[in-house]
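> have a look; sequence and predicted model below, questions after that.
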Amino acid sequence: MGISRQCASKWVNRYRQFGELSLTDRPSVPHRQPTATPASVVARIETMRRGHKWSAARIALELRAEGVVISRRTVSRHLVRLGLNRRRFLDPSGASNRAPRPILARWPGHMVHLDVKKAGRIPDGGGWRVHGRDSAQAKAVTRAKTRGARAGYTYLHSAVDGFSRLAYTEALPDEKAATAIAFLHRARAFSPHRASPTSSGSSPTTAPATRPTTSPPRCWGARHQRITPYTPRHNGKVERYNRILAEEFLYARTWTSEHQRADALNVWNIHYNYHRPHTAAGNQPPATRLHPSVTNIQTSYN
């Protein structure tokens, strides 16, 4: 039967003692749970969740104020069992009870989305994508890593205009504040429109010891708006651009050096903005959403 002798003996003894009713499934929950949360506390958790829509941390804090010592993790576990762990479960219609904050760009330069994407540096002569994983070149790179000579990363700084989807990307050695500010100056010079009143996106993750006294958004009369932590959809336009950048540029062909890929990035900026169709622009290049004279000048120049 595919079971052990002890298991078969247990079931036979149950059948001999209690008959066929003893062969039904039994829950694995222990008969006694001395440390289980009292039913009154569970009911109090449900009342707080339904009445105030509090989080597990807030409910645990309120219960401690009432003299009930309980952890946030225990409250979260009971909310899952009650089916109240999601905000949308609290409303009978399934609504989230939380109106999303609109992020709209009404004209070119109204809102610029910023982000930094890390990409591994390509060793001279190409990496394993060119020579194969078991090649001598790939093994040499692996040996260099074990000795501490890591290739490191290239930081792709990108700025995407929220209205036209016009994008500009540079490969830079780090993501410090001074580097990001200098990139923003060059991105503004690359853009045909110079107005940039609002900037929305992620800021540099590390700041240098001497931060510049005046950041570009402030000196341009713009406002720096940070996205909500762990909410990439607020910066979705540049996140989607990063995916396009990876699929159509970074991994679309094999590169033999970091310098080769950095030079090709300049061509990519022109191709994406003035030649590649974009669904947000009606299957036209992003530059078509700018002033017609600007588009003609840039196209003829290229």
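Good, I have the coordinates. Numbering: from 1, shown residues only.

> what ranges does the stretch 101-250 of the chain have for its helices?
Counting by DSSP state H, counting those that start in this stretch, the stretch 101-250 of the chain forms helices over residues 128-131, 136-146, 177-190, 216-219, 236-245, given from the N-terminal end onward.

> any low-confidence regions in the stretch 151-300 of the chain?
Where the stretch 151-300 of the chain drops to pLDDT under 70, the residues are 151, 192-221, 291-300.

> where exactly do the strands run in it?
153-161, 167-172, 198-201, 223-225 (DSSP state E, counting those that start in this stretch).

> of these, which is nearest Asn283?
Taking CB to CB as the criterion, Asn283 comes closest to strand 167-172 out of those, the separation being 16.7 Å. C-beta: built from backbone N, CA, C; applies to glycine.

> next, the angle from the closest one to helix 177-190.
140 degrees (axes from the mean of the first three to the mean of the last three CA atoms, to 10 degrees).

> rewinding a little: adding distance to Ala287 and mean neighbour count, write the strands of the stretch 151-300 of the chain out as a markdown table.
Output for those, formatted as a markdown table (distance: least, CB to CB, whole Å; neighbours: other CB atoms under 10 Å):
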| stretch | distance to Ala287 | mean neighbour count |
| --- | --- | --- |
| strand 153-161 | 10 | 22 |
| strand 167-172 | 10 | 21 |
| strand 198-201 | 21 | 21 |
| strand 223-225 | 25 | 13 |
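
> count the neighbours of the closest residue to Ala280 other than its chain neighbours for me.
The spatially closest residue to Ala280, leaving aside those adjacent along the chain, is Arg165, at 5.2 Å (CB to CB, 6 or more residues apart in numbering). Burial of Arg165, expressed as a neighbour count using other CB atoms under 10 Å, amounts to 23.

> how about Arg165, what does it touch?
237, 241, 278, 280-281, 286, 289 (CB atoms under 8 Å, 6 or more residues apart in numbering).

> so which of these is the closest to Glu170?
Nearest member of the contacts of Arg165 to Glu170, counting by CB to CB, is Tyr241, at 13.6 Å.

> centre-most residue in the chain?
For the chain, the residue whose C-alpha lies nearest the mean C-alpha position (CA atoms, centre = their mean) is Pro232; its distance is 4.6 Å.

> pretty sure it contacts Arg240?
No. No contact is recorded between Pro232 and Arg240 when judged using CB atoms under 8 Å, the distance being 10.0 Å.

> measure stretch 273-285 end to end?
As for stretch 273-285, its first-to-last residue distance stands at 6 Å under the measure CA to CA, to the nearest Å.

> centre of the chain versus it, how much separation?
Taking CA atoms, centre = their mean, to the nearest Å, the mean C-alpha location of stretch 273-285 is offset from the chain mean by 25 Å.

> in that stretch, which residues are buried?
273-274, 276, 278, 281, 285 (16 or more other CB atoms under 10 Å).

> any idea which of the residues you listed is closest to Arg88?
For these, the nearest to Arg88 is His278 (32.6 Å; CB to CB).

> who's in contact with the closest one?
Contact partners of His278, counting by CB under 8 Å, 6+ apart, are 165, 284-286.

> most widely separated two among the residues you listed?
Using CB to CB, the pair of those lying farthest apart is Arg165 and Gln284, separated by 10.4 Å.

> what mean pLDDT does stretch 135-145 get?
Per-residue confidence for stretch 135-145 averages out to 66 on the pLDDT scale.

> what does stretch 3-16 give?
For stretch 3-16, the per-residue pLDDT averages 92.

> distance of Arg88 from Phe163?
Computed as CB to CB, to the nearest Å, the Arg88 to Phe163 distance reads 31 Å.

> when the two are compared, which one has more neighbours?
Phe163 (21 against 11).

> apart from its neighbours in sequence, what residue is nearest the residue nearest to the centre of the chain?
Distances taken as CB to CB, 6+ apart place Glu239 nearest to Pro232, at 5.2 Å, with adjacent residues excluded.

> before we move on, back to that, which one among the contacts of Arg165 gets closest to Arg188?
Using CB to CB, Pro286 is the member of those that sits closest to Arg188, with 16.2 Å.

> now do the SS call for the residue nearest to Arg14 when sequence neighbours are not counted.
In space, not counting the residues next to it along the chain, Arg14 is nearest to Ser22; the distance is 4.0 Å by CB to CB, 6+ apart. In terms of secondary structure, Ser22 is helix; the call rests on DSSP: H, G, I helix; E, B strand; the rest coil.

> what's the burial count for Ser22?
Using other CB under 10 Å as the criterion, Ser22 is surrounded by 13 other residues.

> Arg16 versus that one, what's the distance?
Distance, Ser22 to Arg16, by CB to CB: 9 Å.
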